[in-house]
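K.L.:
can you look at this prediction? I've put the sequence above it.
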Amino acid sequence: MVRLCLDVNIWVSHYLSALRRPGIITASGGLARAVFTGASRQGPTQLVVSHAMLDTLEDVLKRLPLMAPYAEMARDQIEAAAGSGFLSNPPAIILGGSAAYPLLDQEDAAVLNAAMAGGADLLVTHNMSDFVRGPRSQADTVTVSESRGAPDVILLRHPKRPGGLLIACPFRAAAWLLRGEPPPPEMPQKL
């Protein structure tokens, strides 16, 4: 089973795309579909999410005029799937977790905490630069691959995670999970 944590920005992208272009499946939309169905090309897929992430998602969507009427529904859709066992592999809802590394952005820190506490194999985000060691993060990371000079896959090393946590942009994650392309060697063996 692939334990997948989708950053709040992936969910926002999914819901905006679904509203604006309902017939087009984006990378974010495909990843959301994979966690809602509990399956991907890599096998059973389980969502890792936290209440803090769901609160943030609802708050962000309420600030977007186009999405405000759907903010509560979007949160409830994810939460109901987690609570009711609707999915073949219900998502894990994390109540909390300790800081894995200090990150400048508190929302990114909450997402990383949820991914680490929930034992995620893969964290998907549009904010790759916020997780790379540097001015925004003290995380111990190694760049696995780049696209146009910017990291699109990084490996976060942590003593509690012997294999580390792979963090990828949605396009790379979609390539592995939706199109079945081979993941990098750093990817956990179960992928």
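P.N.:
Received it, and whenever you're ready, just let me know what you need. These figures come from a predicted structure and were not determined experimentally.
K.L.:
lowest confidence element among the helices and strands of the protein?
P.N.:
strand 92-94 (a mean of 72; mean pLDDT, DSSP states H and E).
K.L.:
what residues does the strand or helix carrying S28 touch?
P.N.:
Using DSSP states H and E, S28 sits in helix 27-37. Under the contact criterion CB atoms under 8 Å, 6 or more residues apart in numbering, helix 27-37 has outside partners 4, 6, 10-11, 13-14, 17-18, 25, 40, 45-47, 81, 87-88, 91, 124, 170-171, 173-174, 177-178. All C-beta atoms are positioned from the backbone trio N, CA, C, and that covers glycine.
K.L.:
against F131, how distant is A115?
P.N.:
Separation of A115 from F131 (CB to CB, to the nearest Å): 10 Å.
K.L.:
between those two, which contacts overlap?
P.N.:
L123.
K.L.:
which one's more surrounded, those two?
P.N.:
Neighbour count, other CB atoms under 10 Å: between A115 and F131, A115 has more, with 31 against 26.
K.L.:
list the contacts of that one.
P.N.:
By CB under 8 Å, 6+ apart, the residues touching A115 are C5, V48, L123, L165.
K.L.:
isn't the second one up against G118?
P.N.:
Meaning V48. Yes: V48 lies in contact with G118 (CB atoms under 8 Å); the separation is 3.4 Å.
K.L.:
now do the helices in this protein.
P.N.:
Remark: helices assigned in the chain by DSSP state H are 8-20, 27-37, 51-63, 71-84, 106-117, 170-177.
K.L.:
dump those helices to TSV, plus mean pLDDT and distance to E146.
P.N.:
Listed next are the helices of the chain as TSV, based on pLDDT from 0 to 100; distance: least, CB to CB, whole Å:
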stretch	mean pLDDT	distance to E146
helix 8-20	95	20
helix 27-37	92	17
helix 51-63	94	27
helix 71-84	79	31
helix 106-117	84	20
helix 170-177	96	11
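K.L.:
switch those helices over to TSV; also include distance to D152.
P.N.:
Listed next are the helices of the chain as TSV, based on distance: least, CB to CB, whole Å:
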stretch	distance to D152
helix 8-20	14
helix 27-37	12
helix 51-63	22
helix 71-84	25
helix 106-117	17
helix 170-177	5
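K.L.:
which one of these lies nearest to T143?
P.N.:
Smallest distance to T143 across those (CB to CB): 12.3 Å, for helix 170-177.
K.L.:
which elements pack onto the closest one?
P.N.:
Packing partners of helix 170-177 (3 or more CB pairs under 8 Å, 6 or more residues apart in numbering; DSSP states H and E): strand 2-6, helix 27-37, strand 122-124, strand 141-147, strand 150-158.
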